[in-house]
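S.K.: I would like the atomic coordinates for the input below:
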Amino acid sequence: MARRTLFALFLLLVLSANPLQAPLAADLDEQTRALATELRCVVCQNLSVADSPSEMAQQMRAIVREQLQAGKTPEQVKDFFVSKYGEWVLLKPKTTGFSALLWILPYVVLVLGVLAALWVVRRWTQARKSPGQATAPSSITADMQNEFLTQTGEQPGLEDSSPRAQLLRERSRLKDELNELEFDFAAGKLSDADYQGLKQDIQTKGAAVVQQLDALPPERPVKRPQAKAGSIGGQKLAPTQINPRRWQLIAGGVFLMLFGLALGVMLTKSVRERASESDSMTGDFMTGTTPQSGNARSALNEGKQAFAKQDYPKAIEAFKKVLAADPNNPEAHAYMGFILVQAGHGDGALMAFDKALAKAPNFPMALWGKGMVLYREKKDNAGAREIFEKLLNLMPPGEERNEIVKVLAEIPAGSQKSSPSKAATPNAAAPSTSAQISGTITVDPKLKASIDPNAALFIIARPAGAAAGPPLAVRKIDKPTFPLTYSLSQENVMMQGTPFTGKINISVRLDKDGNAVTRGPGDLSGEYKKNPAEVGAKNVDIVLDQIAP
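M.R.: Okay, the predicted model is just below:
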């Protein structure tokens, strides 16, 4: 009986827990997605971790989910990535310190501009009020009121803006107002008390206007000289018509208001939704990220595509355009470094990688390139180990991290530069025939006359379907003779530690100047017609059947 009771309680617990697991999992997925949209993929061009299809982004999403599942808050997760990659990894920088000032300043300036404009306009309207609207002097007498009622309506010219003309217009307006009041009273719209009160008020104002008219000096005949500065049509402007201080205040208020609006608009546009997968969510100076125009982003994508097609001159020109718009672009510098590596310019490659790391110290692509140059070209085991250990700490678990571990295992221990013989130890053994591709390279009979006896032959292997990145393996043969028997294996891999496996596209180029980076007229090229070839395949024969114009 006790066993049955315990079994029933167990079933009850299981059945009651299952409905809770789905909402909890769904909530965790939603939190992971929301947090991933705020983090930048470290190997992409300003894509969020949520939007990037790269393997690195997938690994970062997995880390976000694991840490949220472990009970960490979103802020703690973001702090973890900031500690690894710096503030650069945040698509929206924290609004603290100077960043907070940039966010608040436009609105403060806008409010101050509006207040200043309102104050100036109020002062202006008060100054423009007719003198007749001022409080009536206490010395107004009944005679002045009668004079106001009996005076004929002298009308000034339409363009006359003198004080006398303004007073005459005000007197005319008050008389019209008094006539309307008389009409309304006669029509029975006003009580006697209201009528008397309003009438007395109008007469008092009218008497004040009459008093001010009498106080004005008599008009003198004015000759109309030729127009000079400070006059319009030969008529001297009244002092009240030119007030430099007033216009300065107005201009200042308008400037502050427009300045605040402009800053607000720029701040709003600095964080925007992406228009496409190649667009950036940020990129303006308000967010602290490097500004890149649409042309620069287009040039960067063009350079990547040219690099993937081994069109290195075109790739170089594209990356130069990017660096002209953004001299510190880490991705463009990193790609230039890989091009220089392939051309055999190790020192230039190190300079390019260092420029990339100066802007983004934790940029994995540049760290990998620099580490491989130090290890393979410079035989600097200590420097290479330091770079790879740093990269190892940055990379999340996955295949890429495993490759770094393999390279570190190959680097000899010790702080001194290794000798060439020691550096070659991992590859000293002859490669297995099952891990290589072999065949014969011939020249189309029509192009045999175009062969340069001093040219260098480049045999290039690239993973099938690779959209970007350096070739998998390259072999250079100086002054080749045809037909030529060749083979490619693990020892020809550009980035040591990368496995020479799978399906590979094979192409060849006979370069006159011996520089893999440049292409010139007369260079011959060709590719395996049945690409891709499987590693281990034999008789992968290639014909040089194309000539560069």
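S.K.: so the nearest residue to Lys538 once chain neighbours are set aside: helix, strand or coil?
M.R.: Setting aside the residues directly before and after it, Lys538 is nearest to Ser438 in space (C-beta to C-beta, 6 or more residues apart in numbering), at 5.3 Å. Every residue, glycine included, has its C-beta placed from N, CA and C. What DSSP: H, G, I helix; E, B strand; the rest coil gives for Ser438 is strand.
S.K.: pop the domain breakdown of this protein in here.
M.R.: Domain assignment for the chain by automatic domain parsing gives 2-89, 102-216+244-270, 328-427, 433-547.
S.K.: any idea how far the last one is from the middle of the chain?
M.R.: Looking back up the chat, that one is domain 433-547. Domain 433-547 has its C-alpha centroid displaced from the chain centroid by 40 Å (C-alpha atoms, centre = their mean, to the nearest Å).
S.K.: state the mean pLDDT of that domain.
M.R.: Mean per-residue pLDDT for domain 433-547: 84.
S.K.: ditto for the second one
M.R.: Throughout domain 102-216+244-270, pLDDT has a mean value of 73.
S.K.: can you map out the strands along the stretch 201-350 of the chain?
M.R.: Using DSSP state E, counting those that start in this stretch, the strands of the stretch 201-350 of the chain run over 231-232, 235-236.
S.K.: what of the chain?
M.R.: Using DSSP state E, the strands assigned to the chain run over residues 231-232, 235-236, 437-443, 456-463, 473-478, 484-488, 503-511, 524-527, 533-534, 542-544, 546-547.
S.K.: those: which one's closest to Leu357?
M.R.: Nearest to Leu357, of all these, is strand 473-478, at 24.5 Å by C-beta to C-beta.
S.K.: coming back round to it: compare the strands of the chain and give me the one nearest Phe307.
M.R.: Closest to Phe307 of the strands of the chain is strand 456-463 (C-beta to C-beta; 10.7 Å).
S.K.: strand partners (parallel or antiparallel) of that closest one?
M.R.: strand 473-478 (antiparallel), strand 503-511 (antiparallel) (DSSP bridges).
S.K.: now, of the ones you listed, which is deepest in the fold?
M.R.: When you average the neighbours per residue for each of the strands paired with strand 456-463 (mean count of other C-beta atoms under 10 Å), strand 503-511 leads with a mean of 21.
S.K.: ok, residues contacting that one?
M.R.: For strand 503-511, the external contacting residues (C-beta atoms under 8 Å, 6 or more residues apart in numbering) are 310, 437, 439, 441, 451-452, 455-464, 472-473, 480, 488, 516, 518-520, 523-528, 531-535, 540, 542, 544.
S.K.: so can I have JSON lines of the strands of the chain showing distance to Leu408?
M.R.: Converted to JSON lines, the strands of the chain look like this (distance: least, C-beta to C-beta, whole Å):
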{"stretch": "strand 231-232", "distance to Leu408": "86"}
{"stretch": "strand 235-236", "distance to Leu408": "90"}
{"stretch": "strand 437-443", "distance to Leu408": "28"}
{"stretch": "strand 456-463", "distance to Leu408": "23"}
{"stretch": "strand 473-478", "distance to Leu408": "21"}
{"stretch": "strand 484-488", "distance to Leu408": "25"}
{"stretch": "strand 503-511", "distance to Leu408": "26"}
{"stretch": "strand 524-527", "distance to Leu408": "35"}
{"stretch": "strand 533-534", "distance to Leu408": "30"}
{"stretch": "strand 542-544", "distance to Leu408": "36"}
{"stretch": "strand 546-547", "distance to Leu408": "42"}
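S.K.: for Leu350, which of the ones you listed is the nearest?
M.R.: strand 473-478 (18.9 Å).
S.K.: dump the closest one to PDB, restricted to CA.
M.R.: The C-alpha trace of strand 473-478 is given here as PDB (Å, rounded to 0.1, in the frame of the first residue of the first chain):
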ATOM      1  CA  ALA A 473      46.500  25.400 -48.900                       C
ATOM      2  CA  VAL A 474      48.900  26.900 -51.400                       C
ATOM      3  CA  ARG A 475      51.900  25.400 -53.100                       C
ATOM      4  CA  LYS A 476      54.400  27.500 -55.100                       C
ATOM      5  CA  ILE A 477      56.700  26.000 -57.800                       C
ATOM      6  CA  ASP A 478      59.300  28.300 -59.400                       C
END
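S.K.: right, I'll leave it there.
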